[in-house]
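Peer 1: Here is the input, now give the coordinates:
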Amino acid sequence: MAQSNPQVIIYSAAWCAFCHAAKDYLDKKGVQYTDKDVDSSPAIAQEAMKVSGQTGIPVLNINGQIIIGFDRPRIDAALAAV
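Peer 2: A predicted model of the protein is given here:
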């Protein structure tokens, strides 16, 4: 049975256009998420690198599934799987 409220974390930065696009997309879909600004803390930046294995953003964690970049098909698939 699908879970109605997926746990979503997005690692982003204010200057990142793809981060804004990903958050806008989630907003339009009505998906709540926790936004972690990698520029606000070195620990958050390290956390993003640890979960993704690289330095690029945005990094989305949707119920443990890691998506790097604003990849609509993968985001939709991860949301549909919860």
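
Peer 1: Quick one: the helices in the protein, in order.
Peer 2: Per DSSP state H, the chain carries helices over the ranges 17-29, 42-52, 72-80.

Peer 1: Out of those, flag the one nearest Ile62.
Peer 2: helix 72-80 (3.9 Å; Cβ to Cβ). (Each C-beta comes from the backbone N, C-alpha and C, glycine too.)

Peer 1: ok, Val59 - contacts?
Peer 2: Ile10, Tyr11, Ala48, Val51, Ser52, Ile66, Ile67, Ile68 (Cβ atoms under 8 Å, 6 or more residues apart in numbering).

Peer 1: Please name the spatially closest residue to the third one (chain neighbours excluded).
Peer 2: This points to Ala48. Leaving out its chain neighbours, the residue that sits closest to Ala48 by Cβ to Cβ, 6 or more residues apart in numbering is Tyr11, at 3.7 Å.

Peer 1: so who does that neighbour touch?
Peer 2: Contacts of Tyr11 (Cβ under 8 Å, 6+ apart): Lys36, Val38, Ile44, Glu47, Ala48, Val51, Ser52, Ile57, Pro58, Val59, Leu60, Asn61.

Peer 1: Just give me the neighbour total for the last one.
Peer 2: Think Asn61. 21 (other Cβ atoms under 10 Å).

Peer 1: is it true that it touches Ala22?
Peer 2: No. With contacts counted by Cβ atoms under 8 Å, Asn61 stays clear of Ala22, the gap being 12.0 Å.

Peer 1: any residues in contact with both of those two?
Peer 2: Contact criterion Cβ under 8 Å, 6+ apart; residues shared by Asn61 and Ala22: Ile10.

Peer 1: So for Ile9, what's the nearest residue that isn't a sequence neighbour?
Peer 2: Closest to Ile9 by Cβ to Cβ, 6+ apart is Asn61, at 4.3 Å.
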